[in-house]
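[1] Just the structure for this:
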Amino acid sequence: MLELSPLRKNKVNLSDYNSQQDIDNRIMLADFTIFEHRVLEEILFSSLRASLKKFCKSLDCSESEALPVLQKLAKAGLLTIEGDSLLVDKEMRKYFEFQMTRFDEEINPDMEFLQGLLRKVPIHVLPTWYAIPRTSSNIFESILEKYLLSPQIFHRYLTDLNISNTKLHAIVQEVFSAPQLQVASSDLIARYNIDRREFEEMILWLEFNFVCCLSYQKEDDHWIEFVSPFYEWRQYLLFLQNSTPPAVSSEKISALRESDFAFVEDITAILRQAEKNPISLDSWDQGNLIPPDTARSLASLIELRPLTELHTAQKYVTQAIKKLCLVHLTRIIDGRLHPAESAKDWLQLTLENKASYLHR
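    Residues are numbered from 1 along each chain as shown. Next up, the predicted model:
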């Protein structure tokens, strides 16, 4: 779940550009059928001026089938129909080319996608939205450095983000709590009783604030729209989710030592013993457990529980000695464990600082 703060004032204002037309087009595309998508794709791959008859022939459809779709696209500003000619607006074609990447399952809504999203906004607005210098030579790089440079920086940005709209806040929490970090738009619209236009406006605001975005997955003869975090952040969270080890029941845990710094104290005791009299490890193969006699002796030294099984004591003491060698506090010379030069200074540290040193 994503924790959001009510403190940070947001500066993204959708009225700073023609967001209403953007929302109209997004709603239109979300409702498109597979055939309507084919018509749009054909326009995007065709020249700026095309014959209607040749256009329909390449789609293997009649003019009566294509015209309703073309009229929708004409209303959206992508083209004009003059007799048998289709005249495509160059700038609007760029806009729809970008929007269609949402439907390409081989293209992820990543940082390159985000850069395309920001290009829809007048460039003079971006410094205001994202509090970056107007003198920046590359606005996107400045945004990247300020908000997206590392997982820690981006997470801090998200936790400071203010989402005052309760429904929008709930949508974000649901998306970030979902097992695969994505939720179908239809489910969110129904669950929170939101009309389509309000929903598109909410998601557009989330996109410009780098929180979530829309993408589509094809299923049979239609598209399913999903809300999810941007690709890199979603992959990072899924990695953490899948690599975090499961919790171990406290009933299965048996404490060998009661002190909070027991391992540090035990290592200290072994190191002091090595100072007085180097510990014999003559027959120890470092890939195995230390010999039973040495394990018993050191277990008694550190006052390991009397009922601890020998094998458990061997594993614990072996781990302690390996750690001492790993952090260069001891050395094995001629089959004996000797303190290293750094041991004397380490022994003077507090338990907390000793623990910090061992954690390296």
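
[2] Return the list of helices and strands in contact with whichever strand or helix holds residue 227.
    According to DSSP states H and E, residue 227 maps onto strand 222-228. For strand 222-228, the packing partners by 3 or more Cβ pairs under 8 Å, 6 or more residues apart in numbering; DSSP states H and E come out as helix 34-45, helix 166-177, strand 183-184, helix 185-191, strand 213-219. All C-beta atoms are positioned from the backbone trio N, CA, C, and that covers glycine.

[3] Could you pull up the mean pLDDT of stretch 85-94?
    The average pLDDT within stretch 85-94 is 94.

[4] oh sorry, the question was meant for stretch 38-46
    The predicted model gives stretch 38-46 an average pLDDT of 93.

[5] Let's have the helices and strands packed on strand 222-228 in a markdown table, adding distance to residue 242.
    Conversion of the helices and strands packed on strand 222-228 to a markdown table gives the following (distance: least, Cβ to Cβ, whole Å):
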| stretch | distance to residue 242 |
| --- | --- |
| helix 34-45 | 33 |
| helix 166-177 | 16 |
| strand 183-184 | 19 |
| helix 185-191 | 23 |
| strand 213-219 | 20 |
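
[6] Adding mean neighbour count and distance to residue 25 as columns, could you present these in JSON lines?
    Below are those laid out as JSON lines (neighbours: other Cβ atoms under 10 Å; distance: least, Cβ to Cβ, whole Å):
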{"stretch": "helix 34-45", "mean neighbour count": "17", "distance to residue 25": "11"}
{"stretch": "helix 166-177", "mean neighbour count": "17", "distance to residue 25": "21"}
{"stretch": "strand 183-184", "mean neighbour count": "16", "distance to residue 25": "21"}
{"stretch": "helix 185-191", "mean neighbour count": "15", "distance to residue 25": "16"}
{"stretch": "strand 213-219", "mean neighbour count": "17", "distance to residue 25": "12"}
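
[7] ok, and the helix or strand in the chain with the lowest average confidence?
    Counting by mean pLDDT, DSSP states H and E, the chain has its least confident helix or strand at helix 292-301, which shows a mean of 85.

[8] low-scoring pLDDT stretches of the stretch 1-150 of the chain, where are they?
    In the prediction, the stretch 1-150 of the chain carries residues with pLDDT under 70 at positions 1-10.

[9] 90 - rerun?
    1-11, 104-109, 111, 131-137 (pLDDT under 90).

[10] just the helices in the stretch 101-250 of the chain please.
    Taking DSSP state H, counting those that start in this stretch to define them, one finds helices in the stretch 101-250 of the chain at 111-118, 126-130, 139-147, 151-160, 166-177, 185-191, 196-208, 231-243.

[11] Would you convert these into a markdown table that also reports distance to residue 272?
    Supplementary listing: the helices of the stretch 101-250 of the chain in a markdown table, determined by distance: least, Cβ to Cβ, whole Å:
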| stretch | distance to residue 272 |
| --- | --- |
| helix 111-118 | 54 |
| helix 126-130 | 57 |
| helix 139-147 | 50 |
| helix 151-160 | 39 |
| helix 166-177 | 50 |
| helix 185-191 | 62 |
| helix 196-208 | 59 |
| helix 231-243 | 38 |
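
[12] any idea which of those is most buried?
    Here the criterion is mean neighbour count by mean count of other Cβ atoms under 10 Å, and of those the winner is helix 196-208, at a mean of 20.
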